[in-house]
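>>> with the input below, show me the fold.
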Amino acid sequence: IARTLRLMNFTGRLRAHGNLLADQYTMARRVGFDDVEIYQALAERQPEDQWLARANWQSHSYLSRLRAGV
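This next block holds a predicted model:
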């Protein structure tokens, strides 16, 4: 949905809500979501530092790791 809206030139804020994992945050940002809203129970299992470590989706992309030889 986010990707389609961005391709249609939507420039507003998009928020994903639900059972997202910190590992999925990178992809959510990559396809066009600006932020995510998660449940308190998930926030307790995956603290903010785990999410912030994945905030820069460009440095966590498959292609950037492939080009770097990682």
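>>> give me the below-cutoff pLDDT ranges for this structure.
Residue ranges of the chain with pLDDT under 70: 57-65, 69-70.
>>> contacting residues for the most centrally placed residue in the chain?
Nearest to the mean C-alpha position of the chain, by C-alpha atoms, centre = their mean, lies Tyr25 at 2.7 Å. The neighbours of Tyr25, taking C-beta atoms under 8 Å, 6 or more residues apart in numbering as the test, are 36, 51, 54-55, 57. Backbone N, C-alpha and C define where each C-beta goes, glycine included.
>>> can you give me the helices in this protein?
2-7, 22-31, 40-45, 48-52, 62-68 (DSSP state H).
>>> so which bits of the fourth one are buried?
If I follow you right, that is helix 48-52. Across helix 48-52, burial judged by 16 or more other C-beta atoms under 10 Å covers Trp51.
>>> got it, and the first one?
Residues of helix 2-7 classed as buried under the neighbour-count rule (16+ other C-beta under 10 Å) are Ala2.
>>> related to what we said a few turns ago, which of the contacts of Tyr25 lies closest to Arg6?
Comparing those against Arg6 with C-beta to C-beta places Trp57 closest, at 13.3 Å.
>>> end to end, how far does stretch 38-50 reach?
One end of stretch 38-50 sits 13 Å from the other (C-alpha to C-alpha, to the nearest Å).
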